[in-house]
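**Student:** turn this into a model:
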Amino acid sequence: MGFLGKLKEKVTPPNVHVTVALKKQFFSLGENLEGTVQILPGEEVDCDEIRCEIACIERVRKVKRVYSQSLKREVEQEVWESAVLFSSKPQLSGPMHLSEGVALSFPFSVPLPPHLPPSMKTLDRRAEWSLKGVVAVRGRPDATSKTLELVVVSRELVQQPQPATVTCKYCGAVYPQSLDRCPNCGAPRTA
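**Tutor:** I've put the predicted structure just below:
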């Protein structure tokens with residue numbers, strides 16, 4: 001390989017098609033984010049690792065006073081400040097040789113911290129969750145999937161399964177089927 005070929009290889013990612021498939025459309029805080037990273041190499045390449053990258057970034061719009069050189073005074077200016085609240089790069093595979101045309105799939109399951117904010121977008125605040133798959137090759141830029149925007153909801157929004165209920169034929173109270181007697185009037189369960 002000539003000088004230009006080596007230079008081109010150092011600035012271009014490997015020809016590997018990377019996609020991420022999630023098990024469901026949204027996840028709640030405190031549960032595991034589950035899915036698979038799928039890769040299809042378009043060339044023979046030795047990779048250092050295959051991983052996924054998950055992040056929660058909070059952005060807040062603030063008004064700051066800054067000095068304007070042209071006006072020779074301070075003016076108010078809107079700025080977005082951001083902070084990384086969560087970042088995880090779980091490794092799905094260590095070093096391996098990828099053969100051209102051989103598709104591989106790597107499942108992942110990463111716990112989402114329960115104390116972080118859910119996905120939200122308002123006029124002055126955003127909490128955005130993102131995920132992408134990565135094939136890392138030493139000495140070259142990473143081959144990555146498109147960055148997916150995750151929908152992460154609070155635990156309270158996820159509807160919990162309701163226990164089976166019965167209606168008391170004496171007083172009309174509705175109570176869980178697991179009880180032998182009506183908690184309202186004390187009558188024995190008939191159904």
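
**Student:** domain parsing for the chain?
**Tutor:** 13-56+85-150, 165-191 (automatic domain parsing).

**Student:** identify the residues contacting P95.
**Tutor:** 46-49 (C-beta atoms under 8 Å, 6 or more residues apart in numbering). C-beta: built from backbone N, CA, C; applies to glycine.

**Student:** my bad, P90
**Tutor:** 51-52, 54, 108, 110.

**Student:** and if you look at M96?
**Tutor:** So M96 contacts 46-47, 50 (C-beta under 8 Å, 6+ apart).

**Student:** quickly list what it is bridged to.
**Tutor:** C47 (DSSP bridges).

**Student:** V137 versus that one, what's the distance?
**Tutor:** Applying C-beta to C-beta, to the nearest Å, one obtains 11 Å for the distance of M96 from V137.

**Student:** just the buried ones from the contacts of P90?
**Tutor:** Among the contacts of P90, the ones that count as buried by 16 or more other C-beta atoms under 10 Å are 51-52, 54, 108.

**Student:** next step: these restricted to strands.
**Tutor:** Residues of the buried ones among the contacts of P90 located in strands (DSSP state E): 51-52, 54, 108.

**Student:** save these as CSV, and put in distance to W80 and pLDDT too.
**Tutor:** As requested, those are exported to CSV (distance: C-beta to C-beta, whole Å; pLDDT from 0 to 100):
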residue, distance to W80, pLDDT
R51, 28, 95
C52, 26, 95
I54, 22, 95
F108, 30, 95
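
**Student:** and which of these is nearest L131?
**Tutor:** I54 (5.1 Å; C-beta to C-beta).

**Student:** I'd say the closest one and S130 touch.
**Tutor:** Yes - contact criterion C-beta atoms under 8 Å: I54 and S130 qualify, at 7.2 Å.

**Student:** return the helix or strand in this protein with minimum mean pLDDT.
**Tutor:** Here the helix or strand of the chain ranked lowest by mean pLDDT, DSSP states H and E is helix 3-11, holding a mean of 64.

**Student:** what does the following helix or strand past it contact?
**Tutor:** Per DSSP states H and E, the first helix or strand lying C-terminal to helix 3-11 is strand 16-22. Residues from elsewhere that reach strand 16-22 (C-beta under 8 Å, 6+ apart): 33-43, 45, 47, 52, 98, 131-135, 143-146, 148, 150.
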